[in-house]
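Colleague: take this sequence and fold it.
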Amino acid sequence: MAFIRIVPSWQLSENQITPESAFLNRRRFMKSLIGAGLTATILPLTGCQSSSTAKNQDNFSTQVISNFTQNPNFADVNRPVTAEDLATKYNNFYEYGGSKSIWQAAQALPLEDWKIEVSGLVKNPTTYDLDDLQKKFPLEERIYRFRCVEAWAMIVPWLGFPMNKLMAAVEPTSEAKFVRFTSFYDPKITPGPGFWANGYPWPYTEGLR
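Modeller: Sure, this is the predicted structure:
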């Protein structure tokens, strides 16, 4: 019996993907922003949008981090790293709005006194601050090819640590089946994506088996 596969209208072929020249650049960026390797992925809500030109685009700063090693298994993807100006200013964080140009609104996020609480079905419930995390879990850099379902892509370096290091430290019990991540939420700082805010559950949560 023949099997006929009907391709959905939303599924793009490779030759329809945004050309590499539109999003790749030779400049390497970002030995700066710490990403704890635990970040939840915000599912796209808006479809592909063009970013508007923001005013005062250089009016923000990043913390330079140098105490990390490069993971050789994720060091080469045979593509140039995306320009810092694109990768840091074209992104989805719907806590700040429904467009891709939310980097200015995100400057309201407080950077001091950050803590991560690990609780639930673990033997060692713990609250870490950033100093604790960097001392206990050595940072590593990985280069990733990131392709969004909206048909745009980037090559980005990430600084963080493997999640299994954290799991080993807190020791989940035999009853634990899932890990739930809960995002930062303060309606005065992260109001949500406009008219979606009233119907979308905040804070955002993500689950892993």
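Colleague: from here on, just use CA atoms for contacts and neighbour counts.
Modeller: OK.
Colleague: which residues of this structure score low on pLDDT?
Modeller: For the chain, applying pLDDT under 70 flags the ranges 1-63, 194-199.
Colleague: where along it do the strands fall?
Modeller: With DSSP state E, the ranges of strands along the chain come out as 68-70, 115-118, 126-129, 139-147, 153-160, 179-182, 205-208.
Colleague: so which of these is nearest G97?
Modeller: Among these, strand 205-208 comes nearest to G97, with 17.2 Å by CA to CA.
Colleague: partner strands of that closest one and their direction?
Modeller: Strand 205-208 sits in its sheet next to strand 179-182 (antiparallel), going by DSSP bridges.
Colleague: next, the buried residues of the partner strand.
Modeller: Applying a neighbour-count criterion of 16 or more other CA atoms under 10 Å, one finds F181, T182 buried in strand 179-182.
Colleague: follow-up on the earlier one: need the winner for burial among the strands of the chain.
Modeller: Mean neighbours per residue, mean count of other CA atoms under 10 Å, is largest over those for strand 153-160, with a mean of 21.
Colleague: which residue ranges of this structure form helices?
Modeller: Using DSSP state H, the helices of the chain run over 84-87, 130-136, 163-170.
Colleague: could you check the last one and say which residues are buried?
Modeller: Spelled out, it's helix 163-170. V170.
Colleague: picking that back up, can you put the strands of the chain in CSV and add distance to V77?
Modeller: Shown next, in CSV, are the strands of the chain (distance: least, CA to CA, whole Å):
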stretch, distance to V77
strand 68-70, 14
strand 115-118, 31
strand 126-129, 32
strand 139-147, 7
strand 153-160, 8
strand 179-182, 29
strand 205-208, 26
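Colleague: of the ones you listed, which is nearest N91?
Modeller: With CA to CA as the criterion, N91 lies closest to strand 153-160 of the strands of the chain, at 10.6 Å.
Colleague: so what strands line up beside the closest one?
Modeller: Strand 153-160 sits in its sheet next to strand 139-147 (antiparallel), going by DSSP bridges.
Colleague: P193 is in contact with G98, correct?
Modeller: Yes. Between G98 and P193 there is a contact under CA atoms under 8 Å: 4.4 Å.
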